[in-house]
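Visitor: Please work out how this folds:
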Amino acid sequence: MAALNSEAAPTGHRRRVAFVIYEGFQSLDLTGPYEVFQHVQRLERGYDCRVVAPVAGPVRAHSG
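Guide: Numbering: from 1, shown residues only. Down below sits the predicted model:
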């Protein structure tokens, strides 16, 4: 799940994208979209991507 601020970012400002993970999440649900935003970040430098969880620390994915 990813949340993106739907308002256009003013020139020179970055958009914040939060990838919310939880115990048992599917790793592909994080890595696929995260890689896309990181690729765009390298081209445009317009995104600030963060992975967040309800509790700080390691989070176990469904696949381990």
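
Visitor: Can you tell me the SS state at the closest residue to residue 14 other than its chain neighbours?
Guide: Nearest residue to residue 14 in three dimensions, chain neighbours excluded: residue 48, at 4.6 Å (CB to CB, 6 or more residues apart in numbering). Where you see a C-beta, it was placed from the backbone N, CA and C, and this is true even at glycine. Recorded secondary structure, residue 48: strand (DSSP: H, G, I helix; E, B strand; the rest coil).

Visitor: I'd say residue 48 and residue 13 touch.
Guide: No - Residue 48 is beyond contact range of residue 13, at 9.7 Å (criterion: CB atoms under 8 Å).

Visitor: Quick one: find the helix or strand in the chain with the lowest mean pLDDT.
Guide: strand 2-4 (a mean of 50; mean pLDDT, DSSP states H and E).

Visitor: Tell me the helix or strand right after it.
Guide: Next helix or strand after strand 2-4 toward the C-terminus (DSSP states H and E): strand 15-20.

Visitor: Now that next one - C-alpha only, PDB.
Guide: Output of strand 15-20 as PDB, limited to C-alpha atoms (Å, rounded to 0.1, in the frame of the first residue of the first chain):
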ATOM      1  CA  ARG A  15       6.500  14.600  -2.700                       C
ATOM      2  CA  ARG A  16       6.300  12.300   0.300                       C
ATOM      3  CA  VAL A  17       5.400   8.700  -0.400                       C
ATOM      4  CA  ALA A  18       4.900   6.300   2.500                       C
ATOM      5  CA  PHE A  19       4.900   2.600   2.100                       C
ATOM      6  CA  VAL A  20       3.000   1.100   5.000                       C
END
